[in-house]
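Q: predicted structure and sequence below. I'll ask about it afterward.
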Amino acid sequence: MLAKGLRVAGKLLLATLCGLAFGFTVWCFLFSMTSAKVVGSRDFALYWTTGQQIAHHGNPYDGDALLRIARDAGMPGLYGTYMCNPPWTLPLVYPLGFLGLRVASILWSLFMLVCLAGSVHLLWVMHGRPRGRRQLLGYSFGPALVCLIMGQTALLALVGLVLFLRLHRTRPFFAGVSLWLCMLKPHLFLAFGVVLLAWIVFSRSYKILLGAVVALVASCALAYLIVPFEWGQYLQVLRRPGNEWEYIPCLPVLLRLWVRKDAAWVQYVPSVIGCAWGLVYFWTRRLRWDWLRHGSLLMLVSLVSAPYSWLYDQVVAVPALLQGAFVTRSRSMLATLAFLSALIEVALFGIVWKPATLYLWTLWSGPAWLIWYVYAVSLPAQRLPGQVAAQVNNSEATAP
């Protein structure tokens, strides 16, 4: 009786913590869309000022010009100075140059919300529409909500990953086109991309490669039409002294700081190891490779070993974590994932005292998702209602 009472109390405590953390995060998201002072601390502010600069035929990587635009719009505390994304992302932010700050902020935020909701829903469908509410773990995933608040493009990379998983069997060319969204954050997909190329060659799925190349060339051509000298301007930014020493709260950067601060190559060592492991992992499973299943662990390793990443970049872990949540029969593992996700949202409270707190308190999160997934899928699996039919459909789709 006592044990049962403790379990009930534990469930109530966890539900209360998750509910309060989620409610506070939703309030932060709604407030961040409309307040000019808060907008200036979002990554969206860099996208909006870059769009404004492009619309006025200026250099999109001119930090001083972007700061002037931000101050004129009432954003004196603009976070950062210029957008670090590669030039093929410029057409994405170009339309923001024709919108006012508040309207652009609301539309962008709603668009990112649709990206998250659509990705989670599509993953639920791909897994056979299992009954229950386990997909809520995707909607309320802490890093995904932080990504929404920051207005980050990592959610678009998530959409690209999910579309690839959905289309690679039936629409390979469009699956390749969807990978363009992943190239908005190419550093997160190094191990994933190396294995993808190996799989394309092994399975002769060259339509996927063709789709990716066509999308990349088209976006670069469009960017050139908008800003003719964007590559030269971007390369100048990369060559600025001190860029390689920027502190980013993730394990590879901490490894570099531990070895030697000016040894930038050190933070790429985990990526090399991750790519090598990925190739071995793929080759031993090449005859039965399943991107929905095997790609989950690969994506988590790619994320953890990325040379640099921020908390909100961990949104690309959603497909893997949902796959683990759908196959595990352990309610304790589901509760653990919900608790860890809620801790990310609780860390948002620390921003009140120190903005960097959110990232310093969550250094554990990337490896935690990997460890949780490995343990969750190692437990005896179960097939939730609806997954059996999905497995049959997948088998038919891959049958010769």
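A: On my side now, so go ahead. Since we're looking at a predicted model, the values are computed, not measured. Numbers count the residues shown, from 1 in each chain.
Q: and D313, that's in a strand?
A: No - counting by DSSP: H, G, I helix; E, B strand; the rest coil, D313 is not part of a strand but helix.
Q: which residues does it contact?
A: Contact partners of D313, counting by Cβ atoms under 8 Å, 6 or more residues apart in numbering, are P143, C147, Q152, A154, K185, L188, L303, A306. Quick note: C-beta positions are derived from backbone N, CA and C, even for glycine.
Q: what residues are up against the nearest residue to the fifth one once chain neighbours are set aside?
A: When you say that, I think you mean K185. Excluding the flanking residues, the one nearest K185 by Cβ to Cβ, 6 or more residues apart in numbering is A157, at 4.4 Å. Listed by Cβ under 8 Å, 6+ apart, the contact partners of A157 are L181, C182, L184, K185, L188, F189, V315, V316.
Q: show the buried residues in these.
A: With burial judged by 16 or more other Cβ atoms under 10 Å, the buried subset of the contacts of A157 is L181, C182, L184, K185, L188, F189, V315, V316.
Q: now render those as CSV, adding pLDDT and secondary structure.
A: Below are these laid out as CSV (pLDDT from 0 to 100; DSSP: H, G, I helix; E, B strand; the rest coil):
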residue, pLDDT, secondary structure
L181, 93, helix
C182, 93, helix
L184, 90, coil
K185, 90, coil
L188, 93, helix
F189, 94, helix
V315, 94, helix
V316, 95, helix
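Q: could the contacts of A157 be laid out in CSV, adding distance to L116?
A: Formatted as CSV, these follow (distance: Cβ to Cβ, whole Å):
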residue, distance to L116
L181, 13
C182, 16
L184, 15
K185, 15
L188, 16
F189, 19
V315, 8
V316, 12
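Q: of these, which is the nearest to Q267?
A: In terms of Cβ to Cβ, no member of the contacts of A157 lies closer to Q267 than L188, at 13.9 Å.
Q: buried set for the helix or strand hosting G366?
A: Using DSSP states H and E, G366 falls within helix 365-378. Applying a neighbour-count criterion of 16+ other Cβ under 10 Å, one finds S365, G366, A368, W369, L370, W372, Y373, A376, V377 buried in helix 365-378.
Q: what does stretch 47-59 give?
A: Y47, W48, T49, T50, G51, Q52, Q53, I54, A55, G58, N59.
Q: mind listing the helices for the stretch 301-400 of the chain?
A: 318-327, 331-347, 357-360, 365-378, 387-398 (DSSP state H, counting those that start in this stretch).
Q: right, and these - which one's nearest I248?
A: helix 357-360 (8.5 Å).
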